[in-house]
Each structure stands twice: as structure tokens, then as C-alpha cells.
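S.K.: the sequence isn't on hand, but the structure is:
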């Protein structure tokens, strides 16, 4: 028998699942593009102002390593790569919803599953360290993300069963 994922008939009560999936993909895409631009702006800003930042760090009484610049570049590069990866996945989600191709929805579903698992671990860590605000705010985000996951999952299932008309190319 096994565990089954519930399905819904509408996204956010008013949208059909296709429209809801496309809206979700567009919101994801906008957020990822903003994140990528912010990373690039941060790298450029740090490059321009690195001497002033390093001087300010030396003047403060914090004992920081000389390799702060490398850490900044590596961290921002990793975040930029993640943003680009998310842009690709959000684009696949939009295209898959528009064209009726359920396989294009799968990368978003996999990434969201990984994200939800990490959030559950974050909640457990928050509860263990008695950070109640962190734990409960993460739970709220997790519930919203789980609902959106169920919406996309339901649309993918409709496409696989053929109960949604697929647009002709």
C-alpha cells in the first residue's frame, strides 16, 4: 500500500492547478532573478570597496583572518550558482505547466522535497536549542511550502492521467 500524497482540485482555492503552477513558477523565477542580481551586485560592490572593508575590519578589534575576501567571493559565488540553478528549475516548471509536460515539473518537486527535509531538520535544531521563534516560523513556512508542493503534485498527476487537455504545439 504505502504512503500517498494528497491531492487538491484548485490552487489557493480559486485558481485551477495549471494557473496556480504557472503563478508559482513566475514568483519563483522573479525571486531567483532578484537573488542572482543581488549576488552579482554584492560581488561587484565588494570588489570595488574591498580595500575599505579590509581596513575597517583591521581597525575594529575583531580578529579576522586575512582571507576574508576569498570567503566572501566563494560564498557569493555559491549563492549565485544556486540562484542560476533555481532559475532553470523555475523556468522548467513554467514551461512544463504551459505545455502540459509532467516531466518538467519533476525537478521543482525534487528540489522542494529536499528543501522541506532541510526545513524539518531546521525545526528540530530550533527546538533542541530552544529557539522557539525560529522553530515556529520555520513550521509556518514549511506548511505553506507543503501546500504548494501538493498543488504542483496534483497538477502533475492530472497531466499524467490525461485529465487536463494538453495544448497543441
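M.R.: Nice, I can see it. Every value quoted in this text rests on a predicted model; they were computed, and no experiment measured them.
S.K.: now for the helix or strand where residue 156 lies, which elements pack on it?
M.R.: In the assignment (DSSP states H and E), residue 156 maps to helix 132-161. For helix 132-161, the elements it packs on are helix 17-59, helix 106-128, judged by 3 or more CB pairs under 8 Å, 6 or more residues apart in numbering; DSSP states H and E. Every residue, glycine included, has its C-beta placed from N, CA and C.
S.K.: how far away is the nearest residue to residue 139 once chain neighbours are set aside from residue 83?
M.R.: Excluding its sequence neighbours, the residue lying closest to residue 139 (CB to CB, 6 or more residues apart in numbering) is residue 123, at 5.8 Å. Separation of residue 123 from residue 83 (CB to CB, to the nearest Å): 25 Å.
S.K.: rewinding a little: out of the helices and strands packed on helix 132-161, which gets nearest to residue 76?
M.R.: helix 17-59 (5.0 Å; CB to CB).
S.K.: packing partners of that closest one?
M.R.: With 3+ CB pairs under 8 Å, 6+ apart as the test, helix 17-59 has strand 10-11, helix 68-99, helix 132-161 packed against it.
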